[in-house]
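Chemist: what follows is a predicted protein model with its sequence.
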Amino acid sequence: MARVVFLREADEEAGLLPVVRQLLQERAEIVCESHGQERTLAPVAKVEAKKKGLSDERLRDFLREMLLIRRFEEMVEERFRAGELPGFLHVAIGQEAVAVGVCAALEEDDVIASTHRAHGHTLARGTSPNAVMAELYGKLEGCSHGYGGSMHLYDIERGNLGANAVVGGGLPAITGAALAFKFRKEPRVALAFFGDGATNIGTFHESLNLAQLWTVPAVFVLENNWWAESTPNSQHSPITDFTQRAVAYGMHSIKVGGQEVEPVYDAASEAIDHARRGDGPVLLVVDTYRLVGHYVGDPQVYRPKGELQELRETQDPITKLRERLGVTDEEFEQLDAEVTREVEESVEFAKNGTDPQPEDALKNIYA
Amino acid sequence: MATEIKLPRLGQGMESGTIVKWLKSEGDAVKKGEPLYELDTDKVTQEVEADATGVLLKIAVQEGEVPVGQTVAVIGEQGEEVAIEVAPEEPQTEGSRAPARDDERERGSEASAQTEAPSGNGATRSDGRIKASPLARRIARERGVDLAQLRGTGPDGRIVAEDVERAKASPAPAGAAAPAGEVEIVPLTSIRRTIARRLTEAWTVPVFQLTIDVDMTRAVALREQLVARMGDGAKPTLSDVLTKISASALMRNRAVNAHFGEDGIKRFPTANVGIAVAAPQGLVVPVIQRAESLSIQEIANVRAELVGRARDNKLRQGDLDGGTFTISNLGMFGVQQFIAVLNPPQAAILAVGSVEERPVARDGEVVVRPMMTVTLTCDHRTVDGADGARFLEDVKAFLEEPGLAL
Amino acid sequence: MPELTYREAVRDTLATAMRQDSDVFLMGEDIAEMGGSMGVTHGLVDEFGPERVRNTPISEMAIVGAGIGAAMQGMRPVVEIMYEDFLTLSTEQIVNQAAKHRYMSGGQLKVPLTIRTQGGAGWSPGAQHAQQLEAWFVHIPGLKVIFPSTPTDVRGMLWSAIYDDNPVIVFEHRLLYPVKEDVPEKLEPIPFGEARVVREGEDVTVVATGPMVHRSLEAAAEAEKNGVSVEVIDPRSLQPLDDKTIVTSVKKTNRAVVTHEAVTRMGFGAEVASVIQYQAFDWLDAPIERVGAKFAPLAFAPVMEQFLIPGPEDVLEGIYRTVGRNGD
């Protein structure tokens, strides 16, 4: 079992760095061979020392949440194909464990910012499926009251500072929010979700740089699903191990596999605690898989054939947790039926929702 | 369905008219029969009524001469599409010179050079449109100033507000008042042009004139009696007496109650006597229809109304049509005798002088009597000397002994 | 009454706000010990410390973005973008994020961020350090934009900007910093959307912003000698714009000249001219003149810079054109 790697100046003094480099290199090779071949997942960093002791009960909650997200996203795809949902939609099927694991590790007063692929994060942070579905249908009952849609889901009460349609667009604000917490001496953390594609944009670099410089309580969660829309990592990033990005800023980083919720939860807890303590921001790299296209309707012509099928069979986080918990088929079916009903009800709720008045478009521009 | 309002033919021989003023604006509600605009024809300026009810959607011709039958406006329902061509703007008439610029604003010779340029179609017009600022146009609209009469002092000859403010506002035709000592050019109105044309025509007719003196003693007494009995009606005048007498005489001398036409001389069964009136807009001849069947008081009433309308420039075509004979009276100015120009196609016109005390011979003695000289001008193509003489003889006889007219 | 330069007026507002409100803090490049590239924040770090007067790395996106984040949490950051030209680097955060968070969330949050910047020609700064870009930002719903031209105005309006719950861009101008004026004893907030009639006149209305306000006053004095009475109006706040004062003035004078230092073509003045044209069409006795920079990047050589940038004589020419003269 590999050990959690904390990249810190202290470690260098302690002579750990050469070991780290070797480990990194080993991992790098495996990652590069990921396409078109039988793949083994990069070694998952399982946290040994600080297991927070996730009870089975808690894990069942996680399962339910992940399944809810899954069924929600599947319903979104279905409703989209039925022509009921306007705009762009990006579903997070395959990445449920990341959303659930990370959000579970946050406190109530913490804040998050998300990406265009935000349904999972939004639901995991506590927004009701009704409010999310209603937003997708453009209703006043939606969490953004019809003003935002799928890529601009906000829920300020639950500390959700908004999904963002601009890649990397929400990162600077997370640095700023963390700065505000520090100013006010509040024990709160600001956490940003973003993808591997975002590690190349200016806001990523500026935000991490500034966050580390000012030692603000921010956590940057990099969901590496290996694709920036249709561009594989090898085509957009000169490095393969994204923890190296953190090195450039002298920032802590943690790497974890994203298809098992427990290690995700643990790694996230570590990162959040680190930040909350005042030890500075953390880059949390989570390797995961997008088991669907970039957007709903994406034919994924760019993806090697067979890859998707294989991933679906071997890397489904829900299957993994189910197996981990030893959930029986009956139990699972019952759970499934429950969440499916919840999702169907959210569609009913949304369809019966209130359309905004056309003139409402002129409201809420200025405070 | 929108209705196109076309310029109507308001009288025989009317080819065109000049729109003077709109009485309704675009967007106003209009009822059929309501006066819509004022039209200047050959003979008179009159109100034209709307022949549809609705909203005045578009005025196609704001002002100017329009041939009969051309669309001048559209009436329809609010919001209806209107697709007619809008006629070009102000007619091309001679403009008067713009007044000198205010000294306070004078800057350099360039500015004064513009005012000294000869008047005429200069930079003020471009592509047939008149260049004027929105403000200048508004002021012109409000004051009834014709932009076409102005010369602009703004850049590129644009008419600016100052130019309009200096122009004296008046109903068409507009023009700046000429400073003292300069020649004033009064543009021809439609009426004057018509008068010019028709009287020139008249001059080509072979005419002869017959003159006779009339003792007005009995006529004057008759008039006084009528005045005593006039009641609520108009006060009868000697002219009214003369109108009645002439009408009677015309009935006895049909040859004189006639029109000349290429295809024949028209002799009329009634005497429609036209009275020449000097109205502000020019000479007009309203007609007292069937004067032979009216009493003198009735004639007075009709005459008073017609003259009143003439003076207010409100005569209608119907007031002017159908005249068979004309009386022109300059007696009130002290003119003793004159020769009137024929009013074609009428066969004759009677010119009436003043009534004045003159010494005359009666039964071998010289007495003083109120005498009046009348001169009949006749179209020799229609009327022979004898016909004219007999008519005139009857007029004199009836005036000197009114009972003979009965 | 105390006399303050424009620069001192800005400093005064910042200091006064920070003294009484711990939620106000400053971020920007070189604003601490150096006191800012234009010396505006000079001395503030001594009074308020490096936490509240923060030097930042050269990261315009993060400067503005962090400001957005802090503002969303209820603080009132005032960030400085050293040169207006560098607003271009943070435009994504200004336009896509700050301006739209409130709207896209359906009204759930506010972004009370103030962005101060300065620009403009003078002393050969070259094309990338001299632009006037207010036209870009007045075009974005969700943003407010102000361009005060005097010490009193910037003092009062910067205060309103800080306490406005919306993102506000405050355009200052390098040539205005040394301008001196008597200011009220106590800082008086000046609301947005109120233009100032700087000089009354009868014959033509000149609408001017920033340094052109002062150049227009020069032109007006000259025009007066020739019998042309000029009214000068400074809108001060560009978004929201005080249509009413401007239109009322043009209805009085019947002529308008709109002037700014920014490039004339497609500039802010085009909007003002359009507002005047629409609301005062029947009152116009001449076409509306626009006086701005010629359509070129700013050349370096002083003689070329001089040629491109509008001066008092250009405003004067515009004035004379509207009163129907072709100049001397």
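Modeler: Arrived safely, thanks for sending. Residues are numbered from 1 along each chain as shown, chains lettered A, B, ... in the order given.

Chemist: from now on I want contacts and neighbour counts done on CA atoms only, so please keep to that.
Modeler: Fine.

Chemist: for the strand or helix carrying residue A:173, give the mean pLDDT please.
Modeler: Assigned by DSSP states H and E, residue A:173 belongs to helix A:171-183. The average of the pLDDT scores along helix A:171-183 is 97.

Chemist: against which helices or strands is the next helix or strand after that helix packed?
Modeler: Once the chain leaves helix A:171-183, the next helix or strand it forms, by DSSP H and E, is strand A:190-195. Counting contacts by 3 or more CA pairs under 8 Å, 6 or more residues apart in numbering or on different chains; DSSP states H and E, strand A:190-195 packs against strand A:111-113, helix A:171-183, strand A:218-224.

Chemist: neighbouring contacts of the first one?
Modeler: Looking back up the chat, that one is strand A:111-113. Contact with strand A:111-113 is made by A:158-164, A:170-171, A:174, A:188-193, as judged by CA atoms under 8 Å, 6 or more residues apart in numbering or on different chains.

Chemist: next helix or strand past that strand?
Modeler: Downstream of strand A:111-113, the first helix or strand assigned by DSSP H and E is helix A:119-124.

Chemist: helix or strand with the lowest mean pLDDT in chain B?
Modeler: helix B:108-116 (a mean of 36; mean pLDDT, DSSP states H and E).

Chemist: mind checking which of the helices and strands packed on strand A:190-195 is nearest residue B:59?
Modeler: Among these, the nearest to residue B:59 by CA to CA is helix A:171-183 (61.4 Å).

Chemist: tell me which residues of the helix or strand where residue B:242 lies are tucked away?
Modeler: Remark: residue B:242 resides in helix B:238-252, with elements defined by DSSP H and E. Buried residues in helix B:238-252, defined by neighbour count with 16 or more other CA atoms under 10 Å in any protein chain shown: B:238-251.

Chemist: chain center to the helix or strand that it is followed by: distance?
Modeler: Sequence order places strand B:258-259 as the next helix or strand after helix B:238-252, per DSSP H and E. With CA atoms, centre = their mean, to the nearest Å as the basis, strand B:258-259 stands 22 Å off its chain's centre.

Chemist: list the helices and strands strand B:258-259 packs on?
Modeler: For strand B:258-259, the contact count by 3+ CA pairs under 8 Å, 6+ apart identifies strand B:266-267 as packing neighbours.

Chemist: any residues touching the strand it packs on, and which ones?
Modeler: B:254, B:255, B:257, B:258, B:259, B:260.

Chemist: what of stretch A:224-244?
Modeler: Defining contact as CA under 8 Å, 6+ apart, one finds that stretch A:224-244 is touched by A:24, A:28, A:31-32, A:195-197, A:200, A:253-255, A:283-290, A:293-294, A:300, A:302-303.

Chemist: so which residues of chain B form helices?
Modeler: With DSSP state H as the criterion, chain B has helices at B:108-116, B:134-143, B:161-166, B:190-203, B:217-228, B:238-252, B:296-311, B:317-320, B:385-400.

Chemist: among those, which is the most enclosed?
Modeler: helix B:238-252 (a mean of 23; mean count of other CA atoms under 10 Å in any protein chain shown).

Chemist: please report how far residue B:208 lies from chain A.
Modeler: Remark: distance between residue B:208 and chain A (CA to the nearest CA, to the nearest Å) = 86 Å.

Chemist: would you confirm that that residue contacts residue B:382?
Modeler: No. At 11.2 Å, residue B:208 does not count as touching residue B:382 under the criterion of CA atoms under 8 Å.

Chemist: what sits closest to residue C:294 if chain neighbours are left out?
Modeler: Nearest non-adjacent residue to residue C:294, counting by CA to CA, 6 or more residues apart in numbering or on different chains: residue C:308, 5.2 Å away.

Chemist: contact partners for residue 126?
Modeler: Here I'm looking at chain A. With CA under 8 Å, 6+ apart, residue A:126 has these contacts: residue A:158.

Chemist: that answer is for a different chain, and I need it for chain C
Modeler: Residues near residue C:126 by CA under 8 Å, 6+ apart: C:298, C:299, C:300.

Chemist: phi, psi of it?
Modeler: Phi and psi for residue C:126, reported as degrees, to the nearest 10, are phi 90, psi 160.

Chemist: please, where are all the strands along the chain?
Modeler: In the absence of a named chain, this looks at chain A. A:111-113, A:190-195, A:218-224, A:227-228, A:231-232, A:252-257, A:282-287 (DSSP state E).

Chemist: oops, chain C please
Modeler: Taking DSSP E as the criterion, chain C carries its strands at C:3-5, C:24-28, C:53-55, C:76-81, C:114-119, C:144-146, C:168-173, C:180-182, C:196-199, C:204-208, C:230-234, C:237-239, C:256-263, C:289-293.

Chemist: dump the ones you listed to a markdown table, plus mean pLDDT and mean neighbour count.
Modeler: Listed next are these as a markdown table, based on pLDDT from 0 to 100; neighbours: other CA atoms under 10 Å in any protein chain shown:
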| stretch | mean pLDDT | mean neighbour count |
| --- | --- | --- |
| strand C:3-5 | 97 | 18 |
| strand C:24-28 | 97 | 24 |
| strand C:53-55 | 96 | 23 |
| strand C:76-81 | 98 | 27 |
| strand C:114-119 | 97 | 25 |
| strand C:144-146 | 98 | 26 |
| strand C:168-173 | 98 | 26 |
| strand C:180-182 | 97 | 15 |
| strand C:196-199 | 98 | 17 |
| strand C:204-208 | 98 | 30 |
| strand C:230-234 | 98 | 26 |
| strand C:237-239 | 97 | 23 |
| strand C:256-263 | 98 | 29 |
| strand C:289-293 | 98 | 25 |
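
Chemist: possible to save those strands as a markdown table with distance to residue B:183?
Modeler: Below are the strands of chain C laid out as a markdown table (distance: least, CA to CA, whole Å):
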| stretch | distance to residue B:183 |
| --- | --- |
| strand C:3-5 | 66 |
| strand C:24-28 | 78 |
| strand C:53-55 | 83 |
| strand C:76-81 | 73 |
| strand C:114-119 | 64 |
| strand C:144-146 | 61 |
| strand C:168-173 | 62 |
| strand C:180-182 | 62 |
| strand C:196-199 | 47 |
| strand C:204-208 | 37 |
| strand C:230-234 | 40 |
| strand C:237-239 | 57 |
| strand C:256-263 | 40 |
| strand C:289-293 | 41 |
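
Chemist: got those strands as a markdown table, with distance to chain A columns?
Modeler: As requested, those are exported to a markdown table (distance: least, CA to the nearest CA, whole Å):
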| stretch | distance to chain A |
| --- | --- |
| strand C:3-5 | 32 |
| strand C:24-28 | 10 |
| strand C:53-55 | 10 |
| strand C:76-81 | 10 |
| strand C:114-119 | 14 |
| strand C:144-146 | 9 |
| strand C:168-173 | 11 |
| strand C:180-182 | 33 |
| strand C:196-199 | 24 |
| strand C:204-208 | 26 |
| strand C:230-234 | 24 |
| strand C:237-239 | 12 |
| strand C:256-263 | 27 |
| strand C:289-293 | 30 |
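
Chemist: which one of those lies closest to residue C:103?
Modeler: Nearest of the strands of chain C (CA to CA): strand C:144-146, 14.3 Å.

Chemist: roughly how far does residue C:288 sit from residue C:45?
Modeler: Noted for residue C:288: a distance of 47 Å to residue C:45, by CA to CA, to the nearest Å.

Chemist: neighbour count winner among those two?
Modeler: residue C:288 (23 against 20; other CA atoms under 10 Å in any protein chain shown).

Chemist: the more buried one reaches residue C:274, doesn't it?
Modeler: No. Judged on CA under 8 Å, residue C:288 makes no contact with residue C:274 at a distance of 9.0 Å.

Chemist: so if I had to pick from residue B:208 and residue B:382, which one is more boxed in?
Modeler: More crowded of residue B:208 and residue B:382, by other CA under 10 Å: residue B:382, with 24 against 16.
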